[in-house]
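Novice: model the structure of this input:
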Amino acid sequence: MISVHHLAKLDFNNTEIAFRNKSDEDLEKAYWLFKIVASNTLIKIGTPLTNFALKIGLPIQGIIRNTIYKQFCGGESIEGCEPAIAELGQAKVTTILDYSVEGEESEESFNHTCAEILRTVAYAQKNKLISFCVFKPTGLGRFDLFAKVDAKQPLSDQEKMEFARVYERIDAICGACYKADIRVLIDAEHSWIQDTIDDFAREMMEKYNKERVIVYNTYQLYRHDKFASLQADFAYAQTQNFYLGAKIVRGAYMEIERDRATEHGYPSPIQPNKEASDRDYNESIRFCLNHINRIGLMAGTHNEESARLLTDEMALRGISPANDHIFFAQLLGMSDNLSFNLADAGFHVAKYMPYGPVKAVMPYLFRRAQENTSVGGQTSRELSLIVKEKARRKS
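Specialist: Modelled structure (predicted):
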């Protein structure tokens, strides 16, 4: 049972616990960084300017490394992440090692990404502070190829061979995770390639989740059809006798999705409003908890109400915080008030830790910054907590 003590001491406003691992200097840097991120205009202007500066070789990598990169990334290599992994571990928070190089579309880069993710699996086997590995399917195959398969367009013989190689890479990673007994998350992507990714995920779960939860698919609940997908996948898992791995998130591509639907003249896959997203997200939590013996749940959320709902619903059902079918997850450098307070109360918490060479990870970081400015109140919440902690330290 979850004791009342656990829930009583769970205070998401406790900044002492949230920022325990940050020095005064780190806190000051985080304050100015979130001030910048809060400025939508600055993000819009700064992104192309920084890209241009990196492209022509201006010496700005040092500035980036010591600011935005240090806040949101673990290091340039797996080994370079070790201090950040250890620091999280001291606060009872585990790590999801996320190789975050984006936007490269050659067979050579896909093979390199696959090899790098297999290295994270081998590393996770040795370091128990790594709870999950993760991959983005378009890091292992061409976006346009996924789109063609999704649209059920005929493939040339060459494309069929290319798609077979994508399958081999995904299977190699999931198979290695199964052998190493490491959980793996398959990231969600844009709606017009997601059906193909879902097919891959179901096949990998059916193959590797027979005895326990290894492979997790991602359900973006800002889509109006994804709660139904979760329920259908669970029904299929029951008939085929495997465990369902479900990472539930709200989603990250809302503006792009709406714009494309308008441009191509099809109904938007996005929920009509935030309330509908919140409702489906919270219903997904309840659904997973109702079947928690057969579902591995990762609640990826920066929303305090959803995090609180999950702890309350666990208490309601008498599910222990230590149940290893339930994880909370947040991004490194964000929502530390959720991550560290949940971990302090005994819940399983993991942080997404992006890593990779500074220049190669910049597209990922810019995307995150832009997402942040579009998430209502997220940045101002981060700032208010930092201000509160600065005041507490001075008093």
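Novice: Asn337 touches Arg20, doesn't it?
Specialist: No - look at Asn337 against Arg20 with C-beta atoms under 8 Å: they stay out of range, at 11.2 Å. Every C-beta, even on glycine, is put in place using the N, C-alpha and C of the backbone.
Novice: these two: which is more packed in?
Specialist: Asn337 (27 against 14; other C-beta atoms under 10 Å).
Novice: name the helix or strand for the more buried one, please.
Specialist: According to DSSP states H and E, Asn337 maps onto helix 336-344.
Novice: against which helices or strands is the following helix or strand past that helix packed?
Specialist: Once the chain leaves helix 336-344, the next helix or strand it forms, by DSSP H and E, is strand 349-355. Counting contacts by 3 or more C-beta pairs under 8 Å, 6 or more residues apart in numbering; DSSP states H and E, strand 349-355 is packed against helix 82-90, strand 94-99, strand 130-135, strand 326-331, helix 336-344, helix 358-374.
Novice: rerun that using 6 Å as the cut-off
Specialist: Packing partners of strand 349-355 (3 or more C-beta pairs under 6 Å, 6 or more residues apart in numbering; DSSP states H and E): strand 94-99, strand 326-331, helix 336-344.
Novice: which neighbouring elements make contact with the longest one?
Specialist: To tie it back to what came earlier, the one meant is helix 336-344. Going by 3+ C-beta pairs under 6 Å, 6+ apart, helix 336-344 lies up against helix 15-18, strand 326-331, strand 349-355.
Novice: of all those, which one comes closest to Ile117?
Specialist: Counting by C-beta to C-beta, Ile117 lies closest to strand 349-355 out of the helices and strands packed on helix 336-344; the figure is 11.6 Å.
Novice: dump the closest one to PDB, restricted to CA.
Specialist: What follows is strand 349-355, C-alpha atoms only, in PDB (Å, rounded to 0.1, in the frame of the first residue of the first chain):
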ATOM      1  CA  VAL A 349      11.600   8.500 -11.800                       C
ATOM      2  CA  ALA A 350      13.700   8.700 -14.900                       C
ATOM      3  CA  LYS A 351      15.200  11.700 -16.700                       C
ATOM      4  CA  TYR A 352      15.600  11.900 -20.500                       C
ATOM      5  CA  MET A 353      19.300  12.700 -20.900                       C
ATOM      6  CA  PRO A 354      20.100  13.800 -24.500                       C
ATOM      7  CA  TYR A 355      23.800  13.500 -25.500                       C
END
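Novice: could you check the angle strand 326-331 makes with that strand?
Specialist: Angle, strand 349-355 to strand 326-331, by axes from the mean of the first three to the mean of the last three C-alpha atoms, to 10 degrees: 40 degrees.
Novice: what's next to strand 349-355, contact-wise?
Specialist: Outside strand 349-355, the residues within contact range by C-beta atoms under 6 Å, 6 or more residues apart in numbering are 73-75, 81, 88, 93-98, 100, 131-132, 327-329, 331-332, 339, 342-343, 364.
Novice: centroid residue for the chain?
Specialist: In the chain, the residue lying closest to the centroid (C-alpha atoms, centre = their mean) is Tyr352, at 5.9 Å.
Novice: and it, what are its bridge partners?
Specialist: Listed by DSSP bridges, the beta-bridge partners for Tyr352 are Ile96, Leu331.
Novice: and the gap between it and Met205?
Specialist: 21 Å (C-beta to C-beta, to the nearest Å).
Novice: repeat that for Ser268.
Specialist: Ser268 is 28 Å from Met205, by C-beta to C-beta.
Novice: this structure: strands as residue ranges?
Specialist: Per DSSP state E, the chain carries strands over the ranges 94-99, 130-135, 183-186, 215-220, 244-249, 295-300, 326-331, 349-355.
Novice: pLDDT on stretch 308-318, on average?
Specialist: With pLDDT averaged residue by residue, stretch 308-318 scores 96.
Novice: check stretch 349-356 too.
Specialist: pLDDT averaged over stretch 349-356 gives 96.
Novice: do stretch 20-35 as well
Specialist: For stretch 20-35, the per-residue pLDDT averages 87.
Novice: could I get the helices and strands packed on strand 349-355 as TSV with mean pLDDT and distance to Tyr216?
Specialist: Converted to TSV, the helices and strands packed on strand 349-355 look like this (pLDDT from 0 to 100; distance: least, C-beta to C-beta, whole Å):
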stretch	mean pLDDT	distance to Tyr216
strand 94-99	97	11
strand 326-331	96	9
helix 336-344	96	19
